[in-house]
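>>> I'll drop the sequence and a predicted model, then ask my questions.
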Amino acid sequence: MAVEFQSFSSSGVCESRRQLHTPSPFARNALFYVQEVGTLQSIRSHLCSRKELDSFLFILVLSGRGQITHQKHSYPLSGGDCALIDCHSPYSHLSSENEPWELMWIHFNGPAARSYYSCFIKNIPTGIFHAKESSLFTAPILQLLETAAHTDQTSELLCSKLITDVLTLCFTVPQQNEAMPPDRVAGKVQAVKDYIDSHFQERLLLDDLSQQFFVSKFHLSREFKRAYGVTLGNYILSRRITYAKELLRFSDKSIEAIAAACGVTDTSYFNKVFKKSEGTSPSLYRRHWAHRP
């Protein structure tokens, strides 16, 4: 059954429907949670300005034009454009006088919100990107409008899942928009990843990989991070740590032998990077995860 949402006109400036939500202590401490979600149809140009708001804001422009100002920079927005911003910093958005815009938005927060945002802006420093298929975003936002009207725990779990869906799209949609020739850089990046998956136990250096695959170190590092969301060095380390955990659990090899099998000749360095990754030493990891009769 459809849910009725708050709908009102603000001084004849816009028509909107929105759903405010107050999270439970559980949601506030453990989930992404909705603070406000809604749609807006501008009737004429208007300015919205805020600062020091404990919130993160996602905006999708459905039609029309306007601009958003954040971190002292202004960016024009039109149909299909998206913005993800940190509302702790001053921000404003202004609808066009000639082509008033129609928006969908989510104000959200949660324990992991800042980490998601920090990771996002490493790839999209402006916080602005274009979605060729805006319906990818409209569907979960419309679901949020309905679900956020309820206050039970199941609804809050569903809201958290839908916000995660939107944030995942914020990471993946810009990558899909990138025009990388499949037979050139992108193909080589995939080939490098396949090579690492088969040879991570060996000594792997960026210089050697760039020469072997005939691509500059700069392009290889940049395109690998863009394609897989992690630096090349961290990817190699992750493959080695995963293999080390397998050997620790299912073999009787010594720590020194496991380090060597993972391509790390310095055991003390292996212990250091393993603990940094897993929060515990290799020996304690083995003790906790070992099969016992």
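Right, received. Where do you want to start? No experiment lies behind these values; they were computed from the predicted model shown.
>>> quick one, helices of the stretch 151-293 of the chain?
For the stretch 151-293 of the chain, helices defined by DSSP state H, counting those that start in this stretch occupy the ranges 153-177, 185-199, 206-212, 217-228, 232-250, 255-261, 267-278, 282-289.
>>> tell me the angle of the longest one relative to helix 217-228?
By that I understand helix 153-177. For helix 153-177 against helix 217-228, the angle between stretch directions is 150 degrees (axes from the mean of the first three to the mean of the last three C-alpha atoms, to 10 degrees).
>>> Buried residues, helix 153-177. List them.
Of the residues in helix 153-177, 155-156, 158-160, 162-167, 169-171, 173-174 count as buried by neighbour count, 16 or more other C-beta atoms under 10 Å. Heads up, the C-betas are built off the backbone N, CA and C, glycines and all.
>>> CSV for the helices of the stretch 151-293 of the chain, including mean pLDDT?
Converted to CSV, the helices of the stretch 151-293 of the chain look like this (pLDDT from 0 to 100):
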stretch, mean pLDDT
helix 153-177, 91
helix 185-199, 88
helix 206-212, 91
helix 217-228, 87
helix 232-250, 95
helix 255-261, 96
helix 267-278, 95
helix 282-289, 93
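>>> now the ones you listed in CSV, with distance to Thr126?
Converted to CSV, these look like this (distance: least, C-beta to C-beta, whole Å):
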stretch, distance to Thr126
helix 153-177, 11
helix 185-199, 23
helix 206-212, 28
helix 217-228, 16
helix 232-250, 24
helix 255-261, 42
helix 267-278, 32
helix 282-289, 41
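>>> Tell me which of these lies nearest to Gln35.
Each of these has some distance to Gln35 by C-beta to C-beta; the shortest is helix 153-177, at 10.6 Å.
>>> distance between that closest one and the chain's centre?
Averaging C-alpha positions (C-alpha atoms, centre = their mean, to the nearest Å) puts helix 153-177 9 Å from its chain's average.
>>> helices or strands next to it in the packing?
Helices and strands touching helix 153-177, as assessed by 3 or more C-beta pairs under 8 Å, 6 or more residues apart in numbering; DSSP states H and E, comprise helix 25-30, strand 33-42, strand 56-63, strand 81-86, strand 102-109, helix 113-123, strand 128-130, helix 135-147.
>>> Now do the last one: distance to the chain's middle.
Its chain's C-alpha centre lies 18 Å from the corresponding centre of helix 135-147 when counted by C-alpha atoms, centre = their mean.
>>> On the three-state scheme, Arg44 is what?
Classification of Arg44 into helix, strand or coil gives coil, according to DSSP: H, G, I helix; E, B strand; the rest coil.
>>> distance of it from Thr231?
Look at Arg44 and Thr231: by C-beta to C-beta, to the nearest Å, they are 47 Å apart.
>>> follow-up on the earlier one: possible to save the helices and strands packed on helix 153-177 as TSV with mean pLDDT?
Compiled in TSV, the helices and strands packed on helix 153-177 are given as follows (pLDDT from 0 to 100):
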stretch	mean pLDDT
helix 25-30	96
strand 33-42	93
strand 56-63	96
strand 81-86	96
strand 102-109	96
helix 113-123	93
strand 128-130	95
helix 135-147	95
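>>> Please save the CA atoms from stretch 42-49 in CSV.
Coordinates of each C-alpha in stretch 42-49 appear next as CSV, following Å, rounded to 0.1, in the frame of the first residue of the first chain:
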residue,chain,number,x,y,z
SER,A,42,11.2,24.1,-8.3
ILE,A,43,8.6,26.6,-9.5
ARG,A,44,11.1,29.4,-9.7
SER,A,45,14.7,30.1,-8.8
HIS,A,46,15.5,29.7,-5.1
LEU,A,47,18.6,29.4,-2.9
CYS,A,48,19.1,26.9,-0.1
SER,A,49,22.1,27.4,2.1
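>>> residue contacts, Trp289?
For Trp289, the contacting residues are 245, 248-249, by C-beta atoms under 8 Å, 6 or more residues apart in numbering.
>>> What residues does Val173 make contact with?
Contact partners of Val173, counting by C-beta under 8 Å, 6+ apart, are 82, 129, 131-132, 136.
>>> which two from those residues end up farthest apart in space?
Spatial extent of these (C-beta to C-beta) is set by the pair Phe129 and Leu136 at 12.2 Å.
>>> So between those two, which is more surrounded?
Phe129 (19 against 16; other C-beta atoms under 10 Å).
>>> how about the nearest residue to that one once chain neighbours are set aside, what does it touch?
What sits nearest to Phe129 in space, not counting adjacent residues and going by C-beta to C-beta, 6 or more residues apart in numbering, is Pro174, at 4.4 Å. Contact criterion C-beta under 8 Å, 6+ apart gives 123-124, 129 as the residues in contact with Pro174.
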